[in-house]
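Engineer: have a look; sequence and predicted model below, questions after that.
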Amino acid sequence: PISLGAAHVTCLAFSPDGKRLAACWQGTVVLYDTQTWGQVASFPLPNEATAAVYSPGGATLTTADSGGVTRRWHVPPPASYQTSGDVFALQYSLHGSTLAVVTDGTEGDVTFGDEHDPRHPHEIAAVTLPATFGPCAGAAAVDPAGNLLAVDNARAEIQLIDVSNLHHPRLIGSPLRGNKPYIEQIAFTPDGKTLAAGDDSGQIRLWDVADPARPRRLAVLRGLGGTVDAVAFSPDGTHLVAAGSNGALRTWSLVRPAHPLPGLGARLPGAPLLEAVAFAPTGDVVAAAGTGGTLVLWRPGSASTRAIAGTGPSTLDSVAFSPGGHLLATGGADGLVRVFPLGHGGTPRPAHTPVRVSTSNVAAVAYSPDGTDLAAGDDEGRLDVFATGSFRLESAITQSNPVTSIAFAAGGRRLAAGDAAGETRLWPLPSPG
């Protein structure tokens, strides 16, 4: 039996194929897998449910509650890709029909999936890197156009892969060399012409990849100190910001990428390890998060930062701006998601009441492309989706392994979540409202 404590179960419903059981109690609908009896999803209700029924095809679940409200939920089972190793990067193509999955496994390190039919995705190609290069070591990026993939290895080399024809991905030339182990971050400029790679020696190398068959070294950026733990390009690609293990923030102007100009940097008190950085959509403000509950806003080129209060003492591992730049979300080791409204010029306002996702680390947060939803994934395999206006929980999904990365498809109604066992699941989301 499934133990619900002293909860009063008001209704039960099996899916037509018998693979799911919906149970309703205390304003919650929970879906169970009848093979394992594990919880696979839950939906909050403002009132106690009085009835529940699946549609004949099992694609929707309709509930009625004591407040007289009838709701329809989209509940097809998630589709999935299975790869070896830990999924550390997910990226959708511009139109959301193709998903790149990068792992640190020994085979098929890069997998591309076709999602024109999201309920029946299929693998297009798996790129197995040559033995002389070895498996991916933890850093990868796909250019914004979806034509070029860059992955690293344990020797801090970077292999470029032409993925313009996903059915026939092709290695391009010899690996790019010059970084020192290990590469922590790889990133493309928004126009895809410049590649940046930051490593544990504190250097960032820039490459001109406008013609991937003839990549050119542009410059080496130094002066950060410590390891380069996070890098980000401004929305217009003219600036690069980097964060280090010693609490340092640094920016460079890349108007002329071969001759970058360093700007003023900032060093945070206590030298916290900065785990994540993100540019606001306006490009004039950077958010940086890290150990000890560190969360700051910084205007690149300024020697000072503005600390944001109310984060608590736990490490913040993830940070994301909403598409409009009016909200800043963080996920931390205390299991909380915090959202900070930002006023004119990025001035922080008091945070909304933190939302507890779990008792474990929230490893990833992401906004949907239209900003209506905020997703958070944690080390217990829980994946929550909130409405950003009301912070109402819209979907609560449970996976079997720690969530390592999440990404919304272009339309925002599909969410991909990669985990520590190499599985990537695709979850359909209910429409807003």
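Structural biologist: Perfect, thanks for sending it.

Engineer: run a quick neighbour tally on residue 199.
Structural biologist: 21 (other C-beta atoms under 10 Å). Placement of C-beta: from N, CA and C, glycine included.

Engineer: pLDDT below threshold where in the chain?
Structural biologist: Applying pLDDT under 70 to the chain flags the ranges 1-7, 76-85, 93-97, 104-109, 115-123, 345-346, 350, 430-433.

Engineer: 50 instead?
Structural biologist: 108 (pLDDT under 50).

Engineer: what's the end-to-end length of stretch 56-75?
Structural biologist: 12 Å (C-alpha to C-alpha, to the nearest Å).

Engineer: which residues touch it?
Structural biologist: 13, 15-17, 20, 22, 24, 27, 29, 31, 41, 43, 45-55, 76, 428-431 (C-beta atoms under 8 Å, 6 or more residues apart in numbering).

Engineer: PyMOL command to pick out the buried ones of those residues?
Structural biologist: Burial among those is assessed by 16 or more other C-beta atoms under 10 Å; the matching PyMOL selection reads:
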select buried, resi 13+15+20+22+24+27+29+31+41+43+45+48+49+52+54+428+429+430
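
Engineer: okay, and which of the contacts of stretch 56-75 map to strands?
Structural biologist: Secondary structure defined by DSSP state E assigns 13, 20, 22, 24, 29, 31, 41, 43, 49-54, 428 of the contacts of stretch 56-75 to strands.

Engineer: mind listing the strands for the stretch 1-150 of the chain?
Structural biologist: 9-14, 20-25, 28-33, 39-44, 49-54, 60-65, 70-74, 79-82, 87-92, 98-103, 110-114, 122-127, 140-142, 148-152 (DSSP state E, counting those that start in this stretch).

Engineer: run me through the strand neighbours of the first one, direction for each.
Structural biologist: Strand 9-14 has its sheet partners listed here by DSSP bridges as strand 20-25 (antiparallel).

Engineer: equivalent analysis for the shortest one, please.
Structural biologist: Under the criterion DSSP bridges, strand 140-142 sits next to strand 148-152 (antiparallel) in its sheet.

Engineer: try the fifth one
Structural biologist: Counting by DSSP bridges, the strands paired with strand 49-54 are strand 60-65 (antiparallel).

Engineer: can you check the fourth one too?
Structural biologist: Using DSSP bridges, the strands paired with strand 39-44 are strand 28-33 (antiparallel), strand 393-398 (antiparallel).

Engineer: how about those in a markdown table, adding distance to residue 60?
Structural biologist: Converted to a markdown table, those look like this (distance: least, C-beta to C-beta, whole Å):
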| stretch | distance to residue 60 |
| --- | --- |
| strand 28-33 | 12 |
| strand 393-398 | 14 |
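
Engineer: for the ones you listed, which one sits closest to residue 124?
Structural biologist: Residue 124 lies closest to strand 393-398 among the strands paired with strand 39-44, at 25.2 Å (C-beta to C-beta).

Engineer: now that closest one: how far from the chain's centre is it?
Structural biologist: 16 Å (C-alpha atoms, centre = their mean, to the nearest Å).

Engineer: got a list of contacts for it?
Structural biologist: In contact with strand 393-398 (C-beta under 8 Å, 6+ apart) are residues 38-44, 78, 355, 373, 381-387, 417, 427, 429-430.

Engineer: whichever helix or strand comes after it - contacts with which helices or strands?
Structural biologist: Per DSSP states H and E, the first helix or strand lying C-terminal to strand 393-398 is strand 403-408. Judged by 3 or more C-beta pairs under 8 Å, 6 or more residues apart in numbering; DSSP states H and E, the packing partners of strand 403-408 are strand 87-92, strand 362-367, strand 373-378, strand 382-387, strand 414-419.

Engineer: now do strand 403-408: everything it contacts.
Structural biologist: Contacts for strand 403-408 (C-beta under 8 Å, 6+ apart): 86-92, 99, 363-369, 373, 375, 377-379, 381-383, 414-420.

Engineer: restricted to buried residues, select those residues in PyMOL.
Structural biologist: The PyMOL selection below is limited to those of the contacts of strand 403-408 classed as buried (16+ other C-beta under 10 Å):
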select buried, resi 86+87+88+89+90+91+92+99+363+364+365+366+367+368+373+375+377+378+379+381+382+383+414+415+416+417+418+419+420
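
Engineer: which SS state does the nearest residue to residue 189 once chain neighbours are set aside fall under?
Structural biologist: Taking C-beta to C-beta, 6 or more residues apart in numbering, and ignoring the residues beside it in sequence, residue 189 has residue 237 as its nearest neighbour in space, at 3.9 Å. What DSSP: H, G, I helix; E, B strand; the rest coil gives for residue 237 is coil.

Engineer: pretty sure residue 237 sits against residue 187.
Structural biologist: No: using C-beta atoms under 8 Å, residue 237 makes no contact with residue 187, being 10.4 Å away.

Engineer: circling back to that earlier point, now flag whichever of the ones in strands among the contacts of stretch 56-75 is closest to residue 127.
Structural biologist: residue 428 (27.4 Å).

Engineer: who's the closest one bridged to?
Structural biologist: Bridge pairing for residue 428 - DSSP bridges - gives residue 414.

Engineer: surely it touches residue 414?
Structural biologist: Yes: counting by C-beta under 8 Å, residue 428 touches residue 414, with 5.9 Å between them.

Engineer: please enumerate the strands of the stretch 151-300 of the chain.
Structural biologist: For the stretch 151-300 of the chain, applying DSSP E, counting those that start in this stretch gives strands covering 158-162, 170-176, 183-188, 194-199, 204-208, 216-221, 228-233, 239-244, 248-253, 261-262, 266-267, 274-279, 286-290, 295-298.

Engineer: make TSV out of the ones you listed and add distance to residue 333.
Structural biologist: Formatted as TSV, the strands of the stretch 151-300 of the chain follow (distance: least, C-beta to C-beta, whole Å):
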stretch	distance to residue 333
strand 158-162	31
strand 170-176	34
strand 183-188	19
strand 194-199	23
strand 204-208	27
strand 216-221	30
strand 228-233	16
strand 239-244	18
strand 248-253	21
strand 261-262	33
strand 266-267	23
strand 274-279	10
strand 286-290	11
strand 295-298	13
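
Engineer: I appreciate the help and will end here.
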